[in-house]
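Colleague: Curious how this folds, go ahead:
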Amino acid sequence: MDLDAQGGNSRVFHRLGAQPANDARQQKVCHHWRAGRCSRYPCPYLHRELPPPPPAGSNGNASKRGFSNDSGFSGPSGTRRSGNFSNASSWGRVGNNTILRKTEKVCNYWVQGKCSFGDKCRFLHSWSLGESFSLLTQLDGHQKVVTGIALPSGSDKLYTGSNDETCMGVIQLGGEVGCMINEDPWIFVGVPNVVKAWNTQTNIDLSLTGPAGQVYALVVGNDLLFAGTQDGAILAWKFNAVTFNFEPAASLTGHTVAVVSLVVGANRLYSGSMDHSIRVWNLETLQCVQTLTEHSSVVMSVLCWDRFLLSCSLDQTIKVWAATESGNLEVTYTHKEEHGLLTLCGMLDFEGKPVLLCSCNDNSVRLLDLPSFSERGKIYAKQEIRAIQTGPGGLFFTGDGTGQVRVWKCVDEPATTA
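Modeller: Numbering: from 1, shown residues only. Model (predicted):
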């Protein structure tokens with residue numbers, strides 16, 4: 001059938017989105033159609049979803065360094081560093097896990113418990129999209145955004161912190177929780193002007209003073225506890241086994257505004273800031289050895305994976321950094337998203353393949369295979385997901401702006417369709 005805009009099929013022509021090339025409405029999807037109640041014939045807007053963007057990496061930077069399959073994400077002990085990156089890289093190559101199924105939007109009527117379309121609804125009746133993981137349970141209790149999740153060793157409990165000024169929804173901390181981490185039996189919580197330290201085995205409760213303003217980031221490395229603060233300083237404490245206390249060790253200055261992300265790897269401390277920069281610190285000398293300025297907005301999260309540093313920003317990019325022969329870091333690949341990026345977390349699936357969990361400010365988390373950055377799934381929430389934490393046995397946890405914590409699990413055998 002010839003879809004002639006001048007003949008009797010003009011309605012079909014327009015409803016399929018074939019407006020003149022200079023019509024700005026051509027690339028806009030009708031929100032009434034999305035809600036299932038468009039009554040305009042012909043409708044000047046699209047009654048279909050726009051095609052997905054080109055595969056990630058199709059227009060990205062060419063990679064300059066290789067990667068190793070036997071690598072993992074950095075933990076409390078950091079990652080090893082290699083000086084040889086001569087192998088061909090796979091950054092940004094499209095994998096086979098890209099999801100092209102239902103409209104990638106959660107049904108608002110399903111959320112409210114009153115969608116009448118059931119399985120025939122074009123929108124998702126699920127908080128996730130993908131077959132390599134599943135939702136186990138949902139934990140309620142917090143009244144505001146969850147900003148930290150911890151699983152201390154030797155404990156069978158999950159601890160969460162929130163802007164409602166509580167830990168686990170019960171313990172009052174006297175201020176909004178900016179971050180929370182665990183190191184062995186210790187839980188460290190950042191609140192305004194102080195870091196709370198709690199040993200889950202001895203129940204010792206300590207208050208580490210010194211920060212000015214909110215504490216947004218915490219990390220442990222080289223037997224030091226580091227805290228990124230609102231005034232741009234990074235404070236360090238060292239544990240004294242004799243007094244069983246943490247003693248001030250150093251103050252690292254250089255950032256001009258708040259430090260919101262920290263990670264340790266390759267004998268380096270990496271700090272991301274609201275000043276749009278990442279600073280690289282030598283863990284032995286505690287001196288800044290390089291400042292990275294390629295992001296154009298707040299550096300929300302930094303993560304080490306094998307010989308690479310990954311960073312994400314509100315500028316809608318994830319950047320992959322690798323060391324040159326001189327030892328300095330440079331961008332080797334840039335992955336672009338449609339929304340600002342909030343949090344990075346890495347894990348291995350049951351086949352030992354690395355997966356990057358990336359929270360976006362459109363209330364979703366992308367699960368991306370590395371190094372291809374192909375998408376294997378999405379997680380959705382009512383509000384932004386600010387906290388992601390991995391656990392044992394393929395478990396991982398997400399905490400969102402409503403105060404809800406969801407428990408997820410990677411599955412070893414994804415469901416197959418007949």
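Colleague: pLDDT weak spots in this protein?
Modeller: The model of the chain has pLDDT under 70 over residues 1-27, 31-44, 47-72, 74-89, 93-103, 168-172, 413-418.
Colleague: Try it again at 80.
Modeller: Scanning the chain for pLDDT under 80 picks out 1-90, 93-104, 108-114, 116-120, 122, 125-128, 153-156, 166-174, 412-418.
Colleague: Show me the helices in it, by range?
Modeller: 10-15, 31-34, 108-111 (DSSP state H).
Colleague: G377 against L129, yeah?
Modeller: Yes - under the criterion of C-beta atoms under 8 Å, G377 makes contact with L129 at 5.9 Å. C-betas here are computed from N, CA, C, even on glycine.
Colleague: List the buried residues in stretch 319-326.
Modeller: K319, V320, W321, A322, A323 (16 or more other C-beta atoms under 10 Å).
Colleague: So which of those residues is the closest to F226?
Modeller: F226 lies nearest to W321 out of the buried residues of stretch 319-326, by C-beta to C-beta, at 19.5 Å.
Colleague: Report the beta-bridge partners for the closest one.
Modeller: W321 forms beta bridges with L309, V331, as assigned by DSSP bridges.
Colleague: how near is it to S277?
Modeller: W321 is 13 Å from S277, where distance means C-beta to C-beta, to the nearest Å.
Colleague: And for L286, the neighbour number?
Modeller: The number of residues packed near L286 is 17, by other C-beta atoms under 10 Å.
Colleague: Next: L158.
Modeller: 17.
Colleague: ok, and the closest non-adjacent residue to it?
Modeller: Nearest residue to L158, sequence neighbours excluded (C-beta to C-beta, 6 or more residues apart in numbering): L151, at 6.0 Å.
Colleague: surely the one you found meets Y159?
Modeller: Yes - counting by C-beta under 8 Å, Y159 is a contact partner of L151 at 7.4 Å.
Colleague: if we can go back for a sec, what residues are shared contacts of W321 and S277?
Modeller: Residues touching both W321 and S277 by C-beta atoms under 8 Å, 6 or more residues apart in numbering: L292.
Colleague: which residues touch the closest residue in space to G118 that isn't next to it in sequence?
Modeller: Counting by C-beta to C-beta, 6+ apart, G118 lies nearest to H125, which is 7.8 Å off, once chain neighbours are set aside. Shown in contact with H125 (C-beta under 8 Å, 6+ apart): V106, C107, W110, C115, G118, D119.
Colleague: any idea how far H125 lies from T137?
Modeller: Distance, H125 to T137, using C-beta to C-beta: 18 Å.
Colleague: ditto for Q230
Modeller: Noted for Q230: a distance of 35 Å to T137, by C-beta to C-beta.
Colleague: of those two, who's got more company?
Modeller: The neighbour count for Q230 versus T137, taken as other C-beta under 10 Å, is higher for Q230 (19 against 9).
Colleague: okay but that one is in contact with N193, surely?
Modeller: No - using C-beta under 8 Å, Q230 makes no contact with N193, being 9.1 Å away.
Colleague: what sits in contact with each of the two?
Modeller: Residues touching both Q230 and N193 comprise P211, A212, G213, with contact defined as C-beta under 8 Å, 6+ apart.
Colleague: can the residues you listed go into TSV with extra columns for distance to E247 and neighbour count?
Modeller: Listed next are the shared contacts of Q230 and N193 as TSV, based on distance: C-beta to C-beta, whole Å; neighbours: other C-beta atoms under 10 Å:
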residue	distance to E247	neighbour count
P211	15	23
A212	19	13
G213	22	14
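Colleague: how about the nearest residue to V146 once chain neighbours are set aside, what does it touch?
Modeller: Excluding the flanking residues, the one nearest V146 by C-beta to C-beta, 6+ apart is G399, at 2.7 Å. Contacts here follow C-beta under 8 Å, 6+ apart; on that basis G399 touches 142, 145-149, 160, 162, 385-388, 405-406.
Colleague: Please spell out the PyMOL selection for the buried subset of the contacts of H125.
Modeller: To isolate the buried members of the contacts of H125 in PyMOL, using 16+ other C-beta under 10 Å:
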select buried, resi 106+107+110+115
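Colleague: Return the member of the contacts of H125 nearest to G394.
Modeller: For G394, the nearest member of the contacts of H125 is V106. The distance, counting by C-beta to C-beta, is 24.0 Å.
Colleague: got the contact list for that closest one?
Modeller: The contact partners of V106, taken as C-beta under 8 Å, 6+ apart, are F123, L124, H125, S126, W127, Y380.
Colleague: for V194, same thing?
Modeller: V194 sits next to G175, S207, L208, T209, P211, V215 when contact means C-beta under 8 Å, 6+ apart.
Colleague: Max pairwise distance over the residues you listed: which two?
Modeller: The most widely separated members of these, counting by C-beta to C-beta, are G175 and L208 (13.9 Å).
Colleague: So what's the residue count around L135?
Modeller: By other C-beta under 10 Å, 14 other residues sit near L135.
Colleague: Thank you kindly, that will do.
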